[in-house]
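In: Structure, please.
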Amino acid sequence: MSETCENRSWVCVRGGLMAKTVAKLGDSKEVEFDDPGSWHEESHLPIDVVHQIVTILSERDTCSLGRCSRYWHAICSSDVVWFHLFHKRWASTSTATAIFSSRHLRGKDSPKRRLCDCMLIKPCSVHNLFKQHGEGWQAAYRNSHVEMRKRARAVVELIKARTRHESVEVADYQKGLMMLSTTGLALYDVFLFLFTSAQSVLVNLIGLHYCLFHLGAQGAELKELKEFLARSKVGERKVCLRWWSMGGWANGFRRRDEMQIRMASIANLTEPESVPLFQILDRGTLHEVLRVQISADFESSAWVQRDMHSQR
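Out: Numbering: from 1, shown residues only. Here you go, the predicted structure:
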């Protein structure tokens with residue numbers, strides 16, 4: 001194999017030690033595709049070890065490595081590699097369950113109702129990603145990626161249609177969350193389609209809500225989520241949550257309605273102390289709560305546009 005191809009292999013792989021290993025594997029002689037057994041017999045490592053090393057890469061790095069030569073193309077296009085990539089990305093969504101989301105947050109039986117009457121569907125019953133008969137796993141991965149992008153776009157379009165002055169009412173937010181909960185998007189799908197600067201902060205928020213309380217991101221997944229938000233600068237974005245509460249009664253007189261405001265960055269909403277804010281979004285306008293609105297910031301609110309400062 002040429003020196004140029006070895007250099008490309010080095011760039012495609014993340015990490016110095018892994019890069020050296022893959023480059024060394026690439027020293028094997030290049031053969032024709034019509035001899036499927038010989039190209040791995042002359043490799044420095046057994047083919048199953050080569051596959052294990054390649055499956056550590058992301059799908060983008062795998063595709064890049066496959067362009068280096070026919071040898072790497074044969075390995076990176078194999079069903080063994082793409083079967084692993086497919087299940088690594090989407091297998092967890094089939095068993096995803098909602099954890100904290102609930103319409104009932106009060107009373108001694110609220111933990112039971114939280115599990116029985118959750119606004120997010122559990123488990124995701126519409127995760128219909130499967131391999132068609134006669135279709136390779138690379139094609140299945142590609143088709144599933146396109147389908148996930150289509151489903152995510154439908155949620156984004158719904159939020160855009162319901163947004164006024166960069167603000168959305170809680171009922172419309174819940175509709176978007178309900179639609180998102182039926183898409184079967186995995187954590188990486190949310191990173192790719194919803195956690196981008198091209199989307200509004202309202203879309204970022206609904207994606208975060210989905211990751212935390214439907215996919216139940218914890219441990220390593222939660223750490224990966226925080227790192228991605230910091231790396232993409234999405235975590236620096238801020239949202240403003242407002243809700244009106246009916247005034248209570250005192251000495252036979254009803255007090256004025258009260259409005260409460262909370263502002264937080266997307267990154268701060270990943271912390272445990274932000275769970276009550278998501279509970280307000282789940283609960284919506286029930287009992288004494290008259291209205292709930294989510295805005296990009298204080299100035300962009302539709303309430304500000306209507307000159308309702310006197311009611312604050």
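
In: Who are the contact partners of the closest residue to residue 188 other than its chain neighbours?
Out: In space, and not counting its chain neighbours, residue 188 is closest to residue 89: 5.4 Å by CB to CB, 6 or more residues apart in numbering. (C-beta placed from N, C-alpha, C; glycine too.) Residues in contact with residue 89 (CB atoms under 8 Å, 6 or more residues apart in numbering) are 59, 141, 186, 188-189.

In: Quick one: mark the members of the residues you listed that sit in helices.
Out: 59, 141, 188-189 (DSSP state H).

In: low-confidence ranges in this protein?
Out: Along the chain, segments meeting pLDDT under 70 span 1-45, 92-134, 247-249, 252, 254-255, 257, 298-312.

In: Walk me through the domains of the protein.
Out: As given by automatic domain parsing, the domain ranges for the chain are 3-77, 91-311.

In: circling back: quick check: of the ones in helices among the contacts of residue 89, which has the highest neighbour count?
Out: In terms of neighbours by other CB atoms under 10 Å, those top out with residue 189 at 24 neighbours.

In: Tell me how far that residue lies from residue 195.
Out: Distance, residue 189 to residue 195, using CB to CB, to the nearest Å: 10 Å.

In: One more: residue 49?
Out: Residue 49 sits at a distance of 35 Å from residue 195 (criterion: CB to CB).

In: cool, residue 88 as well?
Out: Distance of residue 88 to residue 195, computed by CB to CB: 19 Å.

In: In terms of packing, which of those two has more residues around it?
Out: Neighbour totals were compared for residue 88 and residue 195, and residue 195 leads with 22 against 14 (other CB under 10 Å).

In: Just give the nearest non-adjacent residue to the more buried one, would you?
Out: In space, and not counting its chain neighbours, residue 195 is closest to residue 234: 5.1 Å by CB to CB, 6+ apart.

In: which residues does that neighbour contact?
Out: 195-197, 204, 228, 266.

In: Apply 10 Å and report the result again.
Out: Counting by CB atoms under 10 Å, 6 or more residues apart in numbering, residue 234 touches 191, 194-197, 199, 201, 203-204, 207-208, 228, 265-267.

In: Repeat that for residue 271.
Out: 226, 264.

In: what's the answer for residue 237, then?
Out: Taking CB under 10 Å, 6+ apart, we find residue 237 in contact with 197, 200-202, 204-205, 229, 265-267, 296-297.

In: Show me which of those are buried.
Out: Buried by 16 or more other CB atoms under 10 Å: 200-202, 204-205, 229, 265-267, 296, out of those.
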